[in-house]
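S.K.: 3D model of this:
(one chain, ligands or ions: 1)
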Amino acid sequence: MHEGTPESHFRRTASMEDRVHAVQSLLDERGLDASAGVAPLDHLATEEWLPKNGARVVARAWADADYRARLLANGRAAIAELGLPMPPHHRHLVVLENTAAVHNVICCTLCSCTAFTLIGLPPDWYKDLEYRSRVVRESRTVLREMGLDLPPQVEIRVWDTTADTRYMVLPMRPAGTEGWPQDKLAALVTRDSLIGVARL
Ligand code: FE
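M.R.: Numbering: from 1, shown residues only. Prediction:
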């Protein structure tokens, strides 16, 4: 908990561990095997839904102009070409291309939505009320605080994720990477660059 936040509200709520234990106990009492449901999800979250998927998409888009055009036109169809999944409720994937003049950044003002099969589960700061509210109102300041100091002439566009429309930023390709193979290009791409709080 941050220093200075009103803690009285939170003290009425049990710790995360206690709440998990309480839910687990109730499920056990009723003979429902929670672990059996959690294990596959845990596997997906730690082994399958990783930013390296988004990085693969970005590397392909940098290396293949036709693919980039398809990706920008219909993100869902283009990632399916690479065998990458999205849950059915992620009905649209909108890929946002950064340029020298425009920088895109994504958030979910309501909660924590991301294109998690491509970007990975959202980092803690993404779910923080402070990020969710301030990145909309004062994006340039928030990005600067996160280490990305954009020149004033760069326009910043903030995209608010919804349940059925997910976003991924297509970062600018770093200079000096001409002719690199796609796996080497993909290794340059970070989770934060796919969210838009970092450049490469
Ligand atoms: Fe959300």
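
S.K.: interface residues of this protein facing the ion?
M.R.: Counting by Cβ under 5 Å from the ion, the residues of the chain close to the ion are Cys108, Cys111, Ser112, Cys113. For the C-beta atoms, the positions are set from N, CA and C on the backbone; glycine is no exception.

S.K.: Make CSV out of those residues and add pLDDT.
M.R.: Listed next are those as CSV, based on pLDDT from 0 to 100:
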residue, pLDDT
Cys108, 97
Cys111, 93
Ser112, 94
Cys113, 96
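
S.K.: Outline the domain layout of this protein.
M.R.: 15-46, 50-195 (automatic domain parsing).

S.K.: Show the buried residues in the residues of the chain next to the ion.
M.R.: Buried residues within the residues of the chain next to the ion, counting neighbours by 16 or more other Cβ atoms under 10 Å: Cys108, Ser112, Cys113.

S.K.: Now the second one: which helix or strand?
M.R.: When secondary structure is defined using DSSP states H and E, no element contains Ser112, which sits outside every helix and strand.

S.K.: burial of the closest residue to it other than its chain neighbours, as a residue count?
M.R.: Using Cβ to Cβ, 6 or more residues apart in numbering and skipping the chain neighbours, the partner closest in space to Ser112 is Lys127 (4.4 Å). Neighbours of Lys127 under the rule other Cβ atoms under 10 Å: 15.

S.K.: okay, and for the chain, where does confidence drop off?
M.R.: 1-11 (pLDDT under 70).

S.K.: show me where it has strands.
M.R.: For the chain, the strands defined by DSSP state E cover 92-97, 102-107, 155-160, 165-170.

S.K.: and the last one, which strands flank it?
M.R.: Read that as strand 165-170. Applying DSSP bridges, strand 165-170 is found paired with strand 92-97 (parallel).

S.K.: what does the strand it pairs with contact?
M.R.: 57, 61, 68, 71-72, 75-76, 78-79, 86, 104, 106, 115, 118, 157, 159, 164-170, 196 (Cβ atoms under 8 Å, 6 or more residues apart in numbering).
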